[in-house]
Structure formats: structure tokens, C-alpha cells
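Student: After the sequence you'll find the predicted model.
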Amino acid sequence: MRTKITENIKLAMKDKNTKRLSTLRLVNAAIQDRDIALRGKGKDKADDEEVLDILTKMVKQREESSKMYREGNRPELEAQELEEIEIIREFLPTQLSAEETESAVSDAITETGAESLRDMGKVMGILKERYRGQLDMGVVGGLVKDKLGG
């Protein structure tokens, strides 16, 4: 994943695509920050799963920002955030559709034998492990709650 990001940075430089370049540099900087933090814990660098978590978090931050800009009637800043989201999402796995998400939640509930909200952690754990970067965990949390009678 790191290699793909680095290659895309080089391409953006060649193409003189400044918006893409700046977004990819932000991604690279976030990954390097995580690497530095992990060195203190005795780990060499972030693995692909941690990079996925970083990218997912970056998308989430931009979604929140774009919502605030929309509410604040700042369409130019909202557009900028949405453009960055699209660039970052190129490196994330494809998001599951609503039907696929619903099916994944049902399968996880069945597999864990979850019967009440007390079992929500087990279900969420399985979903996060299997579908890392493919599900919006905020949406999934609501679905799991509804299905478990919350």
C-alpha cells in the first residue's frame, strides 16, 4: 500500500496535479507519524491494516468537515474536502453496498449467537476484523443495535 501511495505521489508531481499531490503528501505524512509513534513501542513501521485505519480516519475527518462547510454555506471548502475524500478512497477497499452491509451484519450476529446488546462487542469485533475499511462502523453500529433490539 505504501508503494502505491509513493508511486501516485510521483505521478502527481509529473502531472503537476497540485491538489492530488498535496492530498497524497498529507496521507504520507500521517503514515510517517504513525511509524514514528510505533517506533516508541518497539515496532518498525505501520502495517497495511494500520495504514487502512489511517486512511479510514482521514476520510471520516473530511466527511465531518465537508458537512460543517455545507451547513456553514461554504461550498468551495466543501468541494475541496469532497475532492480529498475521493483521492484517499482510491487506496481503500471498495465499500460494501447497503444490502451487503445488512447481510454481513446478519451473518456476524448468527455466527456469534448474539441475542442482546450485551453481545454487540462480539459482533462489531468480527465485522471490524473481516471488513476493515469496507464498512462505515458508525452505520454498522446502528444496524447491529437495531437487530439486537436496542
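Tutor: Received the coordinates, thanks. Keep in mind that what you see is a predicted model, and the values were worked out from it rather than measured.

Student: Could you tell me how far the most centrally placed residue in the chain is located from G141?
Tutor: Among the residues of the chain, the one closest to the centroid is T56, at 1.6 Å (C-alpha atoms, centre = their mean). In this view, T56 and G141 are 14 Å apart by C-beta to C-beta, to the nearest Å. Every C-beta, even on glycine, is put in place using the N, C-alpha and C of the backbone.

Student: re the thing from before, where does the residue nearest to the centre of the chain land in three-state SS?
Tutor: Recorded secondary structure, T56: helix (DSSP: H, G, I helix; E, B strand; the rest coil).

Student: From what I see, it and L92 are in contact.
Tutor: Yes: the criterion here is C-beta atoms under 8 Å, and T56 meets it with L92 at 6.7 Å.

Student: Tell me where this structure has strands.
Tutor: With DSSP state E as the definition, the chain shows no strands.

Student: For the residue lying farthest from the centre of it, which non-adjacent residue is spatially closest?
Tutor: Farthest-out residue of the chain from its mean C-alpha position, per C-alpha atoms, centre = their mean: E115, at 28.4 Å. Excluding the flanking residues, the one nearest E115 by C-beta to C-beta, 6 or more residues apart in numbering is L148, at 7.3 Å.

Student: Same question for E81.
Tutor: When the adjacent residues along the chain are set aside, E81 lies closest to S66, with 3.8 Å between them (C-beta to C-beta, 6+ apart).

Student: intersection of neighbour lists for T56 and L92?
Tutor: G133 (C-beta atoms under 8 Å, 6 or more residues apart in numbering).

Student: hang on, the earlier thing: and the residue farthest from the centre of the chain, backbone torsions?
Tutor: Per-residue torsions, E115: phi -120, psi -20 (degrees, to the nearest 10).

Student: got the contact list for stretch 120-132?
Tutor: 49, 52-53, 93, 96, 104-105, 108-109, 111-112, 114, 135, 137, 140-141, 144-145, 148, 150.
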